[in-house]
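S.K.: sharing a sequence plus its predicted fold:
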Amino acid sequence: AEYFDRPDFTGEPVRTERIRSTEARWKDGTYPLEVEAFAARFSGTLRVPVTGVYGFNLLSIGRARFYLGDRLLIDRWKSRGSAMLRGPEATRVMAEIELEAGKPYPIRIEYALGYVGGLAGFQLGCRPPAGLGLKEAVRCAAEADVALLFVGSPEGWETEGRDRPHMDLVGDQAKLIEAVASANPNTVVVLNTGSPVRMDWLDKVPAVLEAWFPGQECGNAIADVLFGDVNPSGRLPQTFPKRLQDTPAFIHYPGESGKMYYGEGIFVGYRYYDMRGIEPLLSL
């Protein structure tokens, strides 16, 4: 990484360092340079394991652009970027390109911060060719006595100040569940989610464990349940609808002109489904 004390990369870099990540995050007081604005250039080499079409995503708080070789693949230079390096935007593919296995590809990220105070940083994501992980998961499941699938929401998808755009599991997770369940009838799905998700695949698996976001002891807690050391006798604190259109707020959300009318009144949760005679997916 090369850091410049001007946001336009003029002059020689005033600091260099070696980093081993495709992201960098700073906050006021921890910026790499003690100047009002700075620029940074991150260079490296990319080698992919298999030949195929790869998808890339670049998020930034500040201006950023991503080069693959001499080709400008993603350009976020005309805006200050987003307020967060997470959420639904982090799962969107911004550019796709076919890459050859084992071939070295020079990559470069250019970043500039033209203001001071608050957060700063960038995050580069790469999605492998479609179906690559799915095929391996199916192969492993077919050879196992029991298949455990841990699925759920990525970091920032369910968070304060942001609403999910839909109730589906992100990406191809639903497709993964159906494929693995077809390969192994003893498939257990462990959900790490903070709120209801669609489960069109529910009748294709014998067991589902809703683990929520249990924190640093989640591994031990989930293992205790799966091995039968603890009875999963808890009750859901919310109703899981079959589809988004069945939710109490669907008719009114997101409102108009920045104003939201809570027209459901007291008929939220199970009250709404009882009143409307709607059969939910799960309500325990």
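M.R.: Nice, thanks for sending it over.
S.K.: given the helix or strand bottoming out on mean pLDDT in the chain, what are its sheet partners and their directions?
M.R.: One helix or strand of the chain scores below all others by mean pLDDT, DSSP states H and E: strand 23-27, with a mean of 84. Each strand paired with strand 23-27, and its direction, by DSSP bridges: strand 119-127 (antiparallel).
S.K.: what are the buried residues along the strand it pairs with?
M.R.: 120-125 (16 or more other C-beta atoms under 10 Å). The way it works is simple: take the backbone N, C-alpha and C, and place the C-beta from them, glycine included.
S.K.: closest one of the residues you listed to residue 92?
M.R.: Taking C-beta to C-beta as the measure, residue 92 lies nearest residue 125 of these, at 9.3 Å.
S.K.: can you name the residues that contact that closest one?
M.R.: Residues near residue 125 by C-beta atoms under 8 Å, 6 or more residues apart in numbering: 22, 56-59, 90.
S.K.: lowest-confidence entry in those?
M.R.: Least confident by pLDDT among the contacts of residue 125: that is residue 90, with 67.
S.K.: can you pull out the strands in the stretch 51-200 of the chain?
M.R.: Ranges of strands in the stretch 51-200 of the chain, per DSSP state E, counting those that start in this stretch, are 52-61, 63-68, 71-76, 95-99, 105-113, 119-127, 147-152, 187-192.
S.K.: which of these has the lowest average pLDDT?
M.R.: If you rank those by mean pLDDT, strand 119-127 sits at the bottom with a mean of 88.
S.K.: rewinding a little: turn the strands of the stretch 51-200 of the chain into a markdown table, including distance to residue 209.
M.R.: A markdown table is the format used below for the strands of the stretch 51-200 of the chain (distance: least, C-beta to C-beta, whole Å):
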| stretch | distance to residue 209 |
| --- | --- |
| strand 52-61 | 30 |
| strand 63-68 | 38 |
| strand 71-76 | 38 |
| strand 95-99 | 35 |
| strand 105-113 | 39 |
| strand 119-127 | 27 |
| strand 147-152 | 9 |
| strand 187-192 | 5 |
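S.K.: picking that back up, what sits up against the next helix or strand after the least confident helix or strand of the chain?
M.R.: For strand 23-27, the following helix or strand on the C-terminal side (DSSP states H and E) is strand 38-46. If you take C-beta under 8 Å, 6+ apart as the criterion, strand 38-46 is touched by 1-9, 13, 19, 24, 31-32, 68, 99, 104-113.
S.K.: this structure: helices as residue ranges?
M.R.: Assigned by DSSP state H, the chain shows helices spanning 132-142, 173-183, 218-226, 270-276.
S.K.: ranking the ones you listed by burial, who's on top?
M.R.: Scoring those by mean neighbour count under mean count of other C-beta atoms under 10 Å gives helix 173-183 as the most buried, with a mean of 18.
S.K.: just to revisit the earlier point, for the least confident helix or strand of the chain, buried residues please.
M.R.: 24, 26.
S.K.: please apply the same query to stretch 37-46.
M.R.: Counting neighbours by 16+ other C-beta under 10 Å, stretch 37-46 gives 37-42, 46 as buried.
S.K.: farthest-apart pair in these, please.
M.R.: Distances among those were taken as C-beta to C-beta; the most separated pair is 37 and 46, at 28.8 Å.
S.K.: cool, thanks, signing off.
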